[in-house]
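1. build me a model from this:
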Amino acid sequence: MQIKILSWNIWIEGKFNQVKDFLKTCNADIIGLQEVQADIPERNIIDYLESLGYQHVFAPIKKTWGGKIWNDGPAVFSKYKIINAETYILSEVDGRAAARADIQIKNKVLHVFSTHLIHTHQQESEEQNEQVKNLIKVLPQDNLVVIGDFNAAPDSTAIKSMQNVLIDTDPLSLPTWSVYPEGCLRCNPQTIDIRLDYIFTSKDVKTNSFKVEDSKSSDHLPISINIEI
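-> Model (predicted):
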């Protein structure tokens, strides 16, 4: 049995109608999103995906960015039953969290985490490394999928720490960012040539068909993987 899992930072400034259109047609069984907003009714992706039959876990947390206070966070959506849900605070200072959904698929429980780490402009960061350490502490050992925008390049300490305990499902490290230069005014990216988005699994999870998907509705490209249940 093949299960499609998708991860995507839908961007606070993303083109919301196009985001909805992509999610409706991507045929994902499980979706991990980042920058899901809690207080913006016109960008209510939770209600939209619920209308398509997805259950969800959401971990909004307030943070200051660009001189404004935002209340957003990662979420997990599933077409299969979520039998347990948890949220974990990874950093109080910067307001970073992980959402966990334990999903019943046939006779197996799949543990899915969605997270979004601090953006460091692709530089080493003690705070980002601490967020990864806090994430690793709460991860189960088996039947595990961790997805999200790690805001870290493949050669960073944060990603190497993840690769030490989990399988990186894209060994080619295909770029996922940035579709738009305004994705970061300081970085001012002009091409999609940086990888910030990842899907990790425990060693017992069989995967295939990793893909960087095509959408111009966010500054990040969606990524997906199929797993065998």
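
2. C-alpha only now, for contacts and for neighbours.
-> Noted.

3. surely Val109 touches Asn143?
-> Yes - with contacts counted by C-alpha atoms under 8 Å, Val109 reaches Asn143, the gap being 7.0 Å.

4. what touches both of these two?
-> Common neighbours of Val109 and Asn143, using C-alpha atoms under 8 Å, 6 or more residues apart in numbering, do not exist here.

5. how close does Ile30 sit to Ser91?
-> 25 Å (C-alpha to C-alpha, to the nearest Å).

6. and the helix or strand of the chain with the lowest mean pLDDT, what's buried?
-> Sorting the helices and strands of the chain by mean pLDDT, DSSP states H and E puts strand 61-65 at the bottom, at a mean of 81. For strand 61-65, burial by neighbour count (16 or more other C-alpha atoms under 10 Å) applies to 61, 63.

7. coming back round to it: who has more neighbours, Ile30 and Ser91?
-> A count of neighbours by other C-alpha atoms under 10 Å puts Ile30 above the other of Ile30 and Ser91, at 21 against 18.

8. pretty sure that one is touching Ile5, no?
-> Yes - with contacts counted by C-alpha under 8 Å, Ile30 reaches Ile5, the gap being 4.8 Å.

9. tabulate the CA atom coordinates of the helix or strand hosting Thr87 in CSV.
-> Counting by DSSP states H and E, the element that carries Thr87 is strand 81-91. In CSV, the C-alpha atoms belonging to strand 81-91 read as follows (Å, rounded to 0.1, in the frame of the first residue of the first chain):
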residue,chain,number,x,y,z
LYS,A,81,-7.5,8.7,11.5
ILE,A,82,-5.3,10.6,13.9
ILE,A,83,-5.4,8.6,17.1
ASN,A,84,-3.1,10.9,19.1
ALA,A,85,-1.8,14.5,18.8
GLU,A,86,1.0,16.4,20.5
THR,A,87,2.7,19.7,20.1
TYR,A,88,6.2,20.4,21.2
ILE,A,89,7.8,23.8,21.9
LEU,A,90,11.3,23.7,20.4
SER,A,91,12.3,27.3,21.3
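
10. could you shift the numbering so residue one becomes 38, and keep it that way?
-> Will do, 38 is the new start, and the previous item becomes strand 118-128.

11. adjacent strands (with direction) for that strand?
-> Applying DSSP bridges to the sheet, strand 118-128 is found paired with strand 133-142 (antiparallel).

12. tilt between the strand it pairs with and strand 98-102?
-> 140 degrees (axes from the mean of the first three to the mean of the last three C-alpha atoms, to 10 degrees).

13. and the following helix or strand past strand 133-142 with strand 118-128, angle?
-> Next along the chain after strand 133-142, taking DSSP H and E as the criterion, comes strand 145-153. Per the same axes, to 10 degrees, the angle that strand 145-153 makes with strand 118-128 is 30 degrees.

14. can you list the strands that strand 145-153 pairs with?
-> The strands beside strand 145-153 in its sheet (DSSP bridges) come out as strand 133-142 (antiparallel), strand 181-186 (parallel).

15. how about those, which one is nearest Phe59?
-> Checking these against Phe59 by C-alpha to C-alpha gives strand 181-186 as the closest, at 17.6 Å.

16. sorry, back to before: after the least confident helix or strand of the chain, which helix or strand is next? Please name it.
-> For strand 98-102, the following helix or strand on the C-terminal side (DSSP H and E) is strand 105-115.

17. list the contacts for the residue nearest the centre of the chain?
-> Centroid-nearest residue in the chain: Gly185, 2.2 Å away (criterion: C-alpha atoms, centre = their mean). Going by C-alpha under 8 Å, 6+ apart, Gly185 touches 44-46, 69-71, 151-153, 234-236.
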